[in-house]
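> My questions are about this predicted structure, shown below with the sequence.
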Amino acid sequence: MSALGTRRKDESAIHEALAARYRQPLVQWFRRRGLDREAAEDCAHESFVRLCGSDNAVMHSPDAYLFRVAASVLADRRRRARVRHEDYHVPIDDFDEPSEEPTPARVFEGREALARLAVALDELPERTREMFLLNRLDRMSYGQIAARFGVSASAVEKHMMKAIAHLHAKFGRNG
């Protein structure tokens, strides 16, 4: 094995020994400085990454240097938090997830709206109503509806305009 390979292997062994020995104390050090568990773990990891990437001049005393690196990581994190105004952020965990279940009031409103729609559709001529429902519920195209009724697509379009105008008159644009 070459001298470079041996040196890298030695450095790797030093880094692994440091991580095994100092990971937990480093996480606790970050926690005492106000970071939550996840952020402390992230900062400890960042400290080891920076230590591994540093030049070999500091590796003669890696134990002491590790906490210098950690202080630098913490300072960088606080600087980024200040720039990003993280104090103003609200954690997503504090929000209630909207329920997938509709409320009884919403169910009642929906049923009431369907009943009003059914009455309005019943006021349409039968052929117009059927064409409208085939288009909107069955997703049939004007051409398919025209073929089914033996009329032109233009005739279907006129029936659709009549149905839509009637519904707009009954409910308005948002109803």
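Good, I have the coordinates. Numbering: from 1, shown residues only.
> can you give me the helices for this protein?
For the chain, the helices defined by DSSP state H occupy 3-32, 37-53, 62-83, 104-122, 126-136, 142-149, 153-171.
> Now do the phi/psi pair for R84.
With angles defined as degrees, to the nearest 10, R84 sits at phi -90, psi 0.
> Report the residue spans of this protein with pLDDT below the cut-off.
The chain contains residues with pLDDT under 70 at 1-11, 55-60, 90-97, 173-175.
> let's go with 80 and repeat that
1-15, 18, 52-64, 86-100, 173-175 (pLDDT under 80).
> Tell me how it divides into domains.
3-92, 106-171 (automatic domain parsing).
> how far out from the middle of the chain is the shortest one?
On the basis of C-alpha atoms, centre = their mean, to the nearest Å, domain 106-171 sits 37 Å off its chain's mean C-alpha point.
> Any chance of the domains of the chain in a markdown table with mean neighbour count as columns?
Any C-beta I mention is one placed from the backbone N, CA and C, and that applies to glycine too. Output for the domains of the chain, formatted as a markdown table (neighbours: other C-beta atoms under 10 Å):
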| stretch | mean neighbour count |
| --- | --- |
| domain 3-92 | 14 |
| domain 106-171 | 14 |
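> what's the closest of the ones you listed to S99?
Among the domains of the chain, domain 106-171 comes nearest to S99, with 10.3 Å by C-beta to C-beta.
> re earlier: any chance of TSV for the domains of the chain, columns distance to E100?
Formatted as TSV, the domains of the chain follow (distance: least, C-beta to C-beta, whole Å):
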stretch	distance to E100
domain 3-92	18
domain 106-171	12
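> nearest to P98, of those domains?
Nearest to P98, of all those, is domain 106-171, at 11.8 Å by C-beta to C-beta.
> What's the end-to-end length of the closest one?
Domain 106-171 stretches 18 Å from its first residue to its last (C-alpha to C-alpha, to the nearest Å).
> got the helices of the chain as a markdown table, with distance to P98 columns?
Output for the helices of the chain, formatted as a markdown table (distance: least, C-beta to C-beta, whole Å):
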| stretch | distance to P98 |
| --- | --- |
| helix 3-32 | 33 |
| helix 37-53 | 25 |
| helix 62-83 | 29 |
| helix 104-122 | 12 |
| helix 126-136 | 28 |
| helix 142-149 | 38 |
| helix 153-171 | 26 |
